[in-house]
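1. show me the folded form of this:
(4 chains)
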Number of protein chains: 4
Amino acid sequence: MHPDHAPDVALVYDPIADRLREECGVFGVFGTPDAAAHTALGLHALQHRGQEATGIVAHDGERFNVHRDQGHVGDVFSSKTVMDGLAGHAAIGHNRYSTTGAPNPRNVQPLFAELDLGGVALAHNGNLTNALALRHELIGQGCIFQSTTDTEVILHLMARSSGRLVERLIAALKQVIGAYSLVVLTPQKLIGVRDPHGVRPLVLGRLGESYILASETVALDIIGAELVREVEPGEMVIITEDGLESRKPFFPVAPRPCLFEYIYFARPDSIMGGRSVYQVRKGIGRELAAECPADADVVIPVPDSGVPAAMGFAERAGLPFELGIIRNHYVGRTFIEPTNEIRHLGVRLKHNANRSVLEGKRVVLIDDSIVRGTTSVKIVQMVREAGAAEVHMRVASPPIRFPCFYGIDTPDREALLASRMSVEGMAHYIDVDSLGFISLDGVYRALGEPGRDAAHPQFLDHYFTGEYPIRLVDEEAGSRSRQQLTLLREAG
Amino acid sequence: MHPDHAPDVALVYDPIADRLREECGVFGVFGTPDAAAHTALGLHALQHRGQEATGIVAHDGERFNVHRDQGHVGDVFSSKTVMDGLAGHAAIGHNRYSTTGAPNPRNVQPLFAELDLGGVALAHNGNLTNALALRHELIGQGCIFQSTTDTEVILHLMARSSGRLVERLIAALKQVIGAYSLVVLTPQKLIGVRDPHGVRPLVLGRLGESYILASETVALDIIGAELVREVEPGEMVIITEDGLESRKPFFPVAPRPCLFEYIYFARPDSIMGGRSVYQVRKGIGRELAAECPADADVVIPVPDSGVPAAMGFAERAGLPFELGIIRNHYVGRTFIEPTNEIRHLGVRLKHNANRSVLEGKRVVLIDDSIVRGTTSVKIVQMVREAGAAEVHMRVASPPIRFPCFYGIDTPDREALLASRMSVEGMAHYIDVDSLGFISLDGVYRALGEPGRDAAHPQFLDHYFTGEYPIRLVDEEAGSRSRQQLTLLREAG
Amino acid sequence: MHPDHAPDVALVYDPIADRLREECGVFGVFGTPDAAAHTALGLHALQHRGQEATGIVAHDGERFNVHRDQGHVGDVFSSKTVMDGLAGHAAIGHNRYSTTGAPNPRNVQPLFAELDLGGVALAHNGNLTNALALRHELIGQGCIFQSTTDTEVILHLMARSSGRLVERLIAALKQVIGAYSLVVLTPQKLIGVRDPHGVRPLVLGRLGESYILASETVALDIIGAELVREVEPGEMVIITEDGLESRKPFFPVAPRPCLFEYIYFARPDSIMGGRSVYQVRKGIGRELAAECPADADVVIPVPDSGVPAAMGFAERAGLPFELGIIRNHYVGRTFIEPTNEIRHLGVRLKHNANRSVLEGKRVVLIDDSIVRGTTSVKIVQMVREAGAAEVHMRVASPPIRFPCFYGIDTPDREALLASRMSVEGMAHYIDVDSLGFISLDGVYRALGEPGRDAAHPQFLDHYFTGEYPIRLVDEEAGSRSRQQLTLLREAG
Amino acid sequence: MHPDHAPDVALVYDPIADRLREECGVFGVFGTPDAAAHTALGLHALQHRGQEATGIVAHDGERFNVHRDQGHVGDVFSSKTVMDGLAGHAAIGHNRYSTTGAPNPRNVQPLFAELDLGGVALAHNGNLTNALALRHELIGQGCIFQSTTDTEVILHLMARSSGRLVERLIAALKQVIGAYSLVVLTPQKLIGVRDPHGVRPLVLGRLGESYILASETVALDIIGAELVREVEPGEMVIITEDGLESRKPFFPVAPRPCLFEYIYFARPDSIMGGRSVYQVRKGIGRELAAECPADADVVIPVPDSGVPAAMGFAERAGLPFELGIIRNHYVGRTFIEPTNEIRHLGVRLKHNANRSVLEGKRVVLIDDSIVRGTTSVKIVQMVREAGAAEVHMRVASPPIRFPCFYGIDTPDREALLASRMSVEGMAHYIDVDSLGFISLDGVYRALGEPGRDAAHPQFLDHYFTGEYPIRLVDEEAGSRSRQQLTLLREAG
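-> Down below sits the predicted model:
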């Protein structure tokens, strides 16, 4: 190991420090007496999209019932008392990752507001790029914000609009810029909306008489619902007792769904854009084997996200696929803080080498992506210590060089390994015998496209290209503006 | 016991069900490195004014730090982590009683808002009588409310005003009607305001270089601060690094401080309006003995609030004063729900008879007030079972016939015993040999006045007279308006 | 204030640091379908005898049901789930003070053991003086101890005896030395035992068909039970479905009930040894006034325990009785740790001066006892700061010079102020103009005796005399033996 | 689906209801200043062996420090306070599954006892088959039991033996019958023992100067320790400051390590008996393919335990291996209780079909074992609903027909599907087109043996054969004896 890697060792204690994180999963259902239970199950299937906090708002014909808390869905909604309190024939729910600082209970979604026409609850997946600007403007007009989420601006814009709730929602959304898949609950309606580019996913399902909205199809599968179709980019679906109405209230633009949903975020058993995520990942592995072959004995995935690509790579390369790294699924986010002595052990809370398939072997190691590189350093070191003769790393996504502002929590640009050094430099840094990344065209091919259409790219891929199709209003205004807010910090 | 009293027996399980309740205590301090600790101590001394929830907001020069929770001051602020998180040279705090329904964590004060000029935190003792009307109007204008407290309208009115924070606070207060003693914290200022009638108390103290605002003088005593003076009715004091400024922004009216602070709410060791509360209560007891003497052997207080009046009564009547009822101070608000069997025992969680001074005696029983009468029924029954030969009840306040809308939680009018029956009827109901109430003039005399000035009453005394000097806007609009709100109910 | 008092100031944060503490209260009931609820109520009435932890064991005809936890009775037994789990027609319960170090959940009583004849549960008030010797012996014989209470030796001695449970209990108790009032529950019996000297109280009551055992009569009062009689010193009462049987299995000795129950521990509304505790305390006050008069204007009690003696003093001395010190009943045992700044304020969490009756007055201050003297220092300082012209302290017990080993938690001898200095020294230390203690004969007279019979003292009074009638086996063996135990310390 | 399967549907809510469960994992370390942190990490790597409760006892040279609680290792030992309280240079730890009824905090290991020679702590993996008989005998001799674990009898037998601690431990173990791998901590020693048959695993590791004992090698890997060797069946290793001593105090018998460790319990990355568990499982898959081929398109594992066997099967059969079932790793043991409506949905909390590799395919489904069969019914139904044309189930263990009494929690015999019906009947019940089990000889071959030696079987395999080499004393005495215990039930 290079001596300059030592400071990284402790990072293994935060097993997700070197991962990209999706911010949210949303779910909504209309027209079943057990709406909250359906929602809890749907959120459970979407747990991978956000594990810090979760909430459900149900409407029982008279009023909104809410329960929001930090923790996993299975814990937050395990008590009969809680579920009994969530009576209603319609409900929406939300899973959330924290993106900044200490978690604040006021930020747990769905958010709720009482307007003059009645109450409205709202859950949001995505990120608005002009939320700070709007927030400053609204505060200047006398609005009082209770959360620090970008989502709350939508509620204030609705509160200050006129007309019926749907018109207000449209009016509000015409003022925001960014990525959003929203589920909205009013006393009579369940509404789903996807931003004009369709950055974040949102699907429409059906179970008997009830309609369902969800971030991924796995949330339909868990309750045995069938997939009707995706909510289209720029579409608003309005579900009432009378059925489903579709509107397209926004100026149409070319869709740009996020590439990273396919590469990493979505569950492999999800169907997205008509494609099996699992098959896309295997296809990327095959393209990767064709683009960057390796003279090796065995193909080893970094589990769990690297598994399908490794299977595809092994298949195309004609090499055996083996589970050379075993993942401990009991790892949570909290664990003892290491003492110095423990720190120097290079403890592996999350992964362990399966020496029996590594010893003496030339190994192709497949990971889905490289972010900071700290995890790769550790994994490679572990594989070498288990006796691997050579380590050839192959990565199932192009080098990540640019941060995301549309709902993925990426480190600052300077922390992205690929923005700091060349592929050769990276290979040296993570101490591999060779390093290869799939090309962006390769990813597009695995998605069934002939390649990336440079004039009209089919997907959102700024992490690799730096091309941001949706304007970054707050970012342009400078990060200084972020600090003008007087923060109310919850103690204890 | 009268057979129609049986249903009351279980009520003893809620020891405060038959008490009037003050809604709040407030405290603020400016100019000490340990502002939150001072505030916690001050709130502890004011615990009797609100026991359900408590909160502190401190400002550390850069931002507001907050901790609010349900429970007693000594529990909520016992952890070093919590106190360390409340750094600041200025702080405000609040103790709160819940007045309606389930306690809602969003209602715990101090409330906070981020305005375009910076943040503001606010703690309120009192009750606004046009809060609902203002709330409807503000929601109609697009405001989003997060709490159900009347206090939040002040924040919204400030947010929608223009000018500096102090001007905005004045503008907001000019729109509200009702009773309020407020402490307000901004990044540079600590502000105290008392409504024009001065219904709720607010005192100004000093400890070294720092100024203090508090509901009662006992909150100064606990930290060794000296009393400077009361904040005057209609006065606003603004404390900054440069010292104290006093303003009188409101149209002046005759002060009407609440009589019940003297009779029941304030701690006996408080000085209020220049008077010792303890001495006022003894004085009421003396007046009561003069107005309604009794041929008896011993004077017995209902502890603790009836003790000073009983001492005054005994002194004037020349009768021995004895502790004939012992109070169990460990009684909290929660206890096992009684089974039917237990219910029929007539369990006495809070009081027990001291038979050795009651047996065979003609007893004068002194209580501070009669609200529903259920407690009196039980106390009298207990005293009789302990062998009292006769029970003559003397009450240290006039009959309570009218509810309060200025910050005291009273039952509906129909539940007030004195509004349902004559003094003779009451004597029969609570089963005493004689019953006497002090006159309203007697109370005024004990306060050092020649009597009640009918043209310009010196105190707020609507509970006895039905005369409400501050307009009851929401009440006049009808209770129906209360139900137009869509309630968001927290489950679990 | 004397400069050497400064270090004491912080002690005010632990309001009970300068108090003697009784270790326990016990309760048992047999023959009611709601035995646990009765027990919870009885323990609530005995809360003053132990506030750290509480427990109930009930027997439902088939098995023992138990709930034990730290906290007040009203909190530990407030949940329906807990009470529903405590089904049974017979139950025993226990309130406990911690005497040493960190509280250990394994020490919470009642203790339980499964013997070859069936299970047995046991709750103990008092202290065994040969528990350590027996423990060492039993461990040497292969016994495994789970708690560090002296009480557990009784269970082991029972387990190793032969015969029926009652015989085993007698055999066990014949081996222990010390003070004990026990309630014992077996599948068929409720048993009460008091040690031969009758050091700790135990009364027998009746409610309908059910029998009750309790530490004090107030635990009968709360459920409306009548007092049958006291369990006699050395008596064992055995309650079964067939009624009550009384046995006297021990060698008879002269009774020596503890004097401090009258002076301080028992509730004033309790009847003990046929005497009203309240009247005894008033009587002590009268004797004190006769023995140590003072030229003064007003008599002020240190609340709450000094109140009856102050009333008796005032009555005999012909001086007015006033509440010159107000106690804050919300004080718990936890509160913020003071910063240095706060520490120097001399904060008064528990007591506040009522200036209106102290200012300019020559005050007689009545307290029940002086232990370390730290509280007295603070109280006197507070009274002087409130303007008292002179302070004459009168104490309702003789000087405490010797520790207790029979169930009262006293400091080491060197920490007892009266064992360190003369009365004059004490007066100087606590800064009073005069100081007087009642004589031991005076206390005996207030109890209705002609005085202390030096040959056969009627009460246990070693705190004042150093005469220990029950052998101190462990103490004689030296405190070194205490440390031979390998302690299992619970972390976190 | 067969109509008689309906009642099973709800079972999917308890994802482990149809799994065998190992009862424990143990760990010990001697000779490092950070013994508790090492132990916490080791227990984390052993989390799969017991997830209900965990505990650590450390010895710091003066005393034993303990922390035991319910929950996962990462949660129970996440706080700095807890870890700081566990100072010591030696420590042992334990992970535990509950086998019967409500979890009882007194049963959480390590257990501790103070003997006359000093304290001893003990953690146990395995099950004693004469614990109940010994318990009755010990209670008859006056022992008091505090837990209901079989392990506590070892402590009592030690307490009643004579000689030094090691001699006592040997004396105690000579009286117990059953399966045990123990780690024992005394003030000077760390001891590891394995029963004469070596049923449960125990390995010896080394890290610098410190020795380590652990159930599996993965607990060495996580802290970077090296494997020295296995503790041998019947061996006791005694680790002190002077190094390691090995003793063989028991009558030697032929080793019979448990076959199910290889099939299911151990982590695949563990080395057991010199064999890679992963490779053994792949080998079983290969044997299975040879013994029970299937005419199919794709091999699908039931994740996670079926994965290696499926890889081996696919390799030998020359069929593609695909992830046709995706497991949701967020499933805990608690979740909302299903309403009837939800129940009928056949919700799949734990598994979801990956339709893209199942649709239209003839599927070979590989699971590690069939216990009750309820999970198989659901899995097959799910695979069929995802479009599989045929389902051929192949099982990587022989039919389980007999319960285990040596530390695996199996259902009663009548609940084991293979003891209730033939293979044909099972195929019909779980609705597969064909069903095949590996032979017992096949399993032995995968372990490197020529086959099962019927005269001297090399492994413990009673689940398949009904041959119990260790006497079942309590079982022979009848289950009636279990109920003679008076249970103390913890309420609330």
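2. from A:G88, how far out is the closest residue to chain D within the stretch 51-200 of chain A?
-> Closest contact between the stretch 51-200 of chain A and chain D, by C-beta to the nearest C-beta, is at A:S78 (4.2 Å). C-betas here are computed from N, CA, C, even on glycine. With the distance defined as C-beta to C-beta, to the nearest Å, A:S78 ends up 19 Å from A:G88.
3. so which of these two has more stuff around it?
-> A:G88 (24 against 18; other C-beta atoms under 10 Å in any protein chain shown).
4. which residues does the more buried one bridge with?
-> A:D34 (DSSP bridges).
5. measure A:C24 to chain C for me?
-> 35 Å (C-beta to the nearest C-beta, to the nearest Å).
6. spatially nearest residue to that residue (excluding sequence neighbours)?
-> Leaving aside its sequence neighbours, A:C24 sits nearest to A:N125 (C-beta to C-beta, 6 or more residues apart in numbering or on different chains; 3.9 Å).
7. strands paired with the strand or helix carrying the one you found, and their directions?
-> Using DSSP states H and E, A:N125 falls within strand A:118-128. Strand A:118-128 has its sheet partners listed here by DSSP bridges as strand A:111-115 (antiparallel), strand A:178-185 (antiparallel).
8. next structured bit after the longest one?
-> Using DSSP H and E, the next helix or strand after strand A:178-185 towards the C-terminus is strand A:190-194.
9. which other helices and strands contact the next helix or strand after that following strand?
-> Sequence-wise, the next helix or strand downstream of strand A:190-194 (DSSP H and E) is strand A:203-207. Contacts defined by 3 or more C-beta pairs under 8 Å, 6 or more residues apart in numbering or on different chains; DSSP states H and E place strand A:203-207 against strand A:210-214, helix A:218-221, strand A:226-230.
10. list the buried residues of strand A:203-207.
-> Buried residues in strand A:203-207, counted by 16 or more other C-beta atoms under 10 Å in any protein chain shown: A:V203, A:L204, A:G205, A:L207.
11. hang on, the earlier thing: would you agree the residue nearest to A:C24 is in contact with A:V193?
-> No - with contact defined as C-beta atoms under 8 Å, A:N125 does not count as touching A:V193 (11.0 Å).
12. more neighbours: which of the two?
-> Neighbour totals were compared for A:N125 and A:V193, and A:N125 leads with 29 against 25 (other C-beta under 10 Å).
13. please list the outside residues in contact with the longest helix seen in chain A.
-> Longest helix in chain A by number of residues (criterion: DSSP state H): helix A:277-291. By C-beta atoms under 8 Å, 6 or more residues apart in numbering or on different chains, the surrounding residues in contact with helix A:277-291 are A:261-263, A:266-271, A:308-317, A:366, A:368, A:394-397, A:436, A:438-439, A:442-443, A:445-447, D:323, D:354, D:356-357.
14. report the buried residues of it.
-> Buried residues in helix A:277-291 (16+ other C-beta under 10 Å): A:277-289.
15. which SSE is immediately downstream of that helix?
-> Next along from helix A:277-291, by DSSP H and E: strand A:298-301.
16. could you check the angle helix A:277-291 makes with the following helix or strand past that following strand?
-> As assigned by DSSP H and E, the chain's next helix or strand after strand A:298-301 is helix A:307-317. Angle, helix A:307-317 to helix A:277-291, by axes from the mean of the first three to the mean of the last three C-alpha atoms, to 10 degrees: 40 degrees.
17. sheet partners, orientation included, of the very next helix or strand once past helix A:307-317?
-> Sequence-wise, the next helix or strand downstream of helix A:307-317 (DSSP H and E) is strand A:325-327. Strands adjacent to strand A:325-327 in the sheet, as given by DSSP bridges, are strand A:351-353 (antiparallel).
18. state whether the residue of the stretch 51-200 of chain A closest to chain D is indeed within a strand.
-> No - looking at A:S78 with DSSP: H, G, I helix; E, B strand; the rest coil, it is coil, so not inside a strand.
19. that one and A:V231, how far apart?
-> 30 Å.
20. could you do A:F321 as well?
-> Counting by C-beta to C-beta - A:F321 and A:V231 are separated by 37 Å.
21. where does the prediction get shaky in chain A?
-> A:1-23, A:98-105, A:331-341, A:343-346, A:479-487, A:491-492 (pLDDT under 70).
22. ok, now with 50
-> Scanning chain A for pLDDT under 50 picks out A:1-17, A:100-102, A:333, A:480-483.
23. so what are the domain limits for it?
-> According to automatic domain parsing, chain A comprises the domains A:25-256, A:277-453.
24. got the ones you listed as TSV, with distance to D:I238 columns?
-> Converted to TSV, those look like this (distance: least, C-beta to C-beta, whole Å):
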stretch	distance to D:I238
domain A:25-256	43
domain A:277-453	25
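25. contacts only, for A:F260.
-> A:L20, A:S397, A:C404, A:I408, A:Y463.
26. can you tell me which of those residues is closest to chain C?
-> Scanning the contacts of A:F260 for proximity to chain C, where the rule is C-beta to the nearest C-beta, the winner is A:L20, at 35.0 Å.
27. about what we covered before: do you know which of the strands paired with strand A:118-128 lies nearest B:V183?
-> For B:V183, the closest of those is strand A:111-115, at 27.6 Å, according to C-beta to C-beta.
28. need the CA coordinates for the closest one. CSV is fine.
-> Output of strand A:111-115 as CSV, limited to C-alpha atoms (Å, rounded to 0.1, in the frame of the first residue of the first chain):
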residue,chain,number,x,y,z
LEU,A,111,-44.4,17.9,4.0
PHE,A,112,-47.8,19.2,4.8
ALA,A,113,-49.5,22.6,4.5
GLU,A,114,-52.9,23.9,5.3
LEU,A,115,-54.0,26.2,2.5
